[in-house]
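Q: test case, fold it:
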Amino acid sequence: MSDTTLPPLRFNLSELAGSLGDFGTIIPLILAVALVSDVNARYILLFFGIWFILTGLYYRLPIPLEPMKAVAVIVIAGSISSGEIAAAGIILGVIFLVLGYGRFFAVIEKWVPQSVVRGIQLGLALLLFRSSLGFVVKDPLFFMIGIGIIAGFYLLARYRSIPDLSAIVVIGVGLVAGIALSGVPPLSLIPAPQLVIPLPADFSSAFSTLVLPQVVLTITNAILATTLLTKDLFKQDVPPKKFSTSIGLMNIFSVPFGGFPMCHGAGGMAGQYRYGARTGGANVYAGLIFIFLALFFSSPQVLSIIAVGVLGALLIFVGIEMSRHSFKTDSLIVTGVIGILALISSMTLAFIVGMVLAYSADLIKKKGSQDIN
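A: Numbers count the residues shown, from 1 in each chain. Purely as a prediction, here's the structure:
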């Protein structure tokens, strides 16, 4: 992607609405991590804000940031120390920084079939649908209100050329409802940062427990699937090595100072695009929101006051956007199997099985052609 093709930044209501499009994924993960670990959520928010802005200015596109999902899920499920989290961030940062400067992704793009990457996208869509069910059970009223708002704005945007500002309205409704039930969260300045220096034992534990499960997911979803979706949505060719390099930099320079391992993500891009983001201006808006929350509000209270039903509504429509692009595949069978396995098992297993299926189908096709000849 040359500099001459970079779109200008825009700062309008559509970009602001789009900036909120991935909050339904980011906020629950940050909140859950903050509640079960000794990581300060305010510094997670702060570094998310900083890197959202830098990413928007660099790519000039709404390239999303998300917590690394495999790491987040493992931290939420078990007792992982801040030292292990910092060690995982450093290791992952080094890995993806190195990969970004080599020819690794040129080889990967050559040998990973498109049907496999599309299957990863489908798996993410199904996981988003499943995540939304938890919000429906907890808060069905505001889930239905959120669905109604989003559907209403979709129809207005389609038939009356009114900008789709549903994400702003949905988050606003959830925030007002949460304040009405829980009160205004307390104001307080962010404390001074503390450098987290992992012990040698933290590195070995983090590598086996956190890094290995995350690497495959980052390569497939955060890099390859995001590259493919960037072409689908914006007709821009961003090399995977660029995404790998930015992932490496943000983790090396954030996690040791209290941040959380983060990456890009096709699901986040689909969400931001679905609600109006078309340029990096959406990232700048998102970054400013996160920095404001980090600097002035006690966390995690400020995140937990939003009525969770509206977050579930946002996830439903993000999942629809993601699944729509996942069917642009050259093998519905391979893509479908990967999607289902990602839902019922793991993304890593889904990727391995998908690769075997894709290459087996190719060999059978070639053998059939030879037999006919």
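Q: residues contacting the closest residue to residue 227 other than its chain neighbours?
A: Using C-beta to C-beta, 6 or more residues apart in numbering and skipping residues adjacent in sequence, the residue nearest residue 227 is residue 240, 4.9 Å away. Placement of C-beta: from N, CA and C, glycine included. For residue 240, the contact set (C-beta atoms under 8 Å, 6 or more residues apart in numbering) comprises 105, 108-109, 223-224, 227.
Q: could you redo the last one with a cut-off of 6 Å?
A: Contact analysis of residue 240 by C-beta atoms under 6 Å, 6 or more residues apart in numbering lists 105, 223, 227.
Q: and what of residue 213?
A: Contacts of residue 213 (C-beta under 6 Å, 6+ apart): residue 70.
Q: list of residues touching stretch 315-327?
A: 24, 118, 121-122, 124-125, 128-129, 131-132, 150, 232, 267, 270-271, 274.
Q: from those residues, which two are the most distant?
A: The distance between the two most remote of those (C-beta to C-beta) is 25.0 Å, for 118 and 150.
Q: which of the two has more neighbours?
A: A count of neighbours by other C-beta atoms under 10 Å puts residue 118 above the other of residue 118 and residue 150, at 26 against 21.
Q: measure that one to residue 204 for me?
A: Separation of residue 118 from residue 204 (C-beta to C-beta, to the nearest Å): 36 Å.
Q: what do you get for residue 358?
A: 34 Å.
Q: residue 37 now?
A: 19 Å.
Q: the more surrounded of these two?
A: Legend: neighbour count by other C-beta under 10 Å for residue 37 and residue 204, higher for residue 37 (20 against 12).
Q: check contacts around that one.
A: residue 75.
Q: are we agreed that residue 164 is in a strand?
A: No. Residue 164 sits outside any strand when classified using DSSP: H, G, I helix; E, B strand; the rest coil, being coil.
Q: grab the nearest non-local neighbour of it.
A: Per C-beta to C-beta, 6+ apart, closest to residue 164 is residue 157, 4.2 Å.
Q: now residue 168: which helix or strand?
A: Secondary structure from DSSP states H and E places residue 168 in helix 166-182.
Q: can I get that helix in PDB, CA atoms only?
A: C-alpha atoms of helix 166-182 as PDB (Å, rounded to 0.1, in the frame of the first residue of the first chain):
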ATOM      1  CA  SER A 166     -26.900   3.200  15.600                       C
ATOM      2  CA  ALA A 167     -23.700   2.400  17.500                       C
ATOM      3  CA  ILE A 168     -23.700   5.900  19.100                       C
ATOM      4  CA  VAL A 169     -27.400   5.600  20.100                       C
ATOM      5  CA  VAL A 170     -27.100   2.000  21.300                       C
ATOM      6  CA  ILE A 171     -24.000   2.700  23.500                       C
ATOM      7  CA  GLY A 172     -25.700   5.900  24.700                       C
ATOM      8  CA  VAL A 173     -28.900   4.100  25.700                       C
ATOM      9  CA  GLY A 174     -26.800   1.400  27.500                       C
ATOM     10  CA  LEU A 175     -24.800   4.000  29.300                       C
ATOM     11  CA  VAL A 176     -27.800   6.100  30.400                       C
ATOM     12  CA  ALA A 177     -29.500   2.900  31.600                       C
ATOM     13  CA  GLY A 178     -26.400   1.800  33.500                       C
ATOM     14  CA  ILE A 179     -26.000   5.200  35.200                       C
ATOM     15  CA  ALA A 180     -29.700   5.200  36.100                       C
ATOM     16  CA  LEU A 181     -29.300   1.800  37.800                       C
ATOM     17  CA  SER A 182     -25.800   2.100  39.300                       C
END
